[in-house]
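J.: Build me a model:
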Amino acid sequence: MHYFPVGIAATFIAIIILAAIYAKGYESGSGALEGLRFGALIGIFIVFAVVADEYVTLNIGARLAAFMALGRFIGWLITGLVIGLVYKPAKPKTA
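T.: Residues are numbered from 1 along each chain as shown. Sure thing, here's the model as predicted:
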């Protein structure tokens, strides 16, 4: 519990960074659908980059790794959805 605030702060910073990445890749579609697409891509990235690495290096077992993969994918899917619903692109300036 001593490091819990650090974990929360790191997750918050990661979400801010992902929101910036989302804004750069925004394709002017439905906010919810764009957010879900983005969240799915980030979720898949996390499953392969983080959970697979933890499975290999920490010897956590296939069952726990599968639950972790599902949980992290769903978590980032929801995060992407929220980013998509909150993000409002700037209106183009008219001359």
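J.: With adjacent residues omitted, what lies nearest to Arg37?
T.: For Arg37, ignoring the flanking residues on the chain, the nearest one in space by Cβ to Cβ, 6 or more residues apart in numbering is Gly80 at 7.4 Å. (Glycine included, C-beta is placed from N, CA and C.)
J.: helix or strand for that neighbour, which one?
T.: Counting by DSSP states H and E, the element that carries Gly80 is helix 62-86.
J.: Show the average pLDDT along that helix.
T.: Regarding helix 62-86, the rounded mean pLDDT is 93.
J.: buried residues in stretch 72-84?
T.: Buried residues in stretch 72-84, counted by 16 or more other Cβ atoms under 10 Å: 72-73, 76-77, 79-81, 83-84.
J.: got the residues you listed as a markdown table, with distance to Glu34 columns?
T.: Below are those laid out as a markdown table (distance: Cβ to Cβ, whole Å):
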| residue | distance to Glu34 |
| --- | --- |
| Arg72 | 20 |
| Phe73 | 18 |
| Trp76 | 14 |
| Leu77 | 13 |
| Thr79 | 13 |
| Gly80 | 8 |
| Leu81 | 9 |
| Ile83 | 9 |
| Gly84 | 5 |
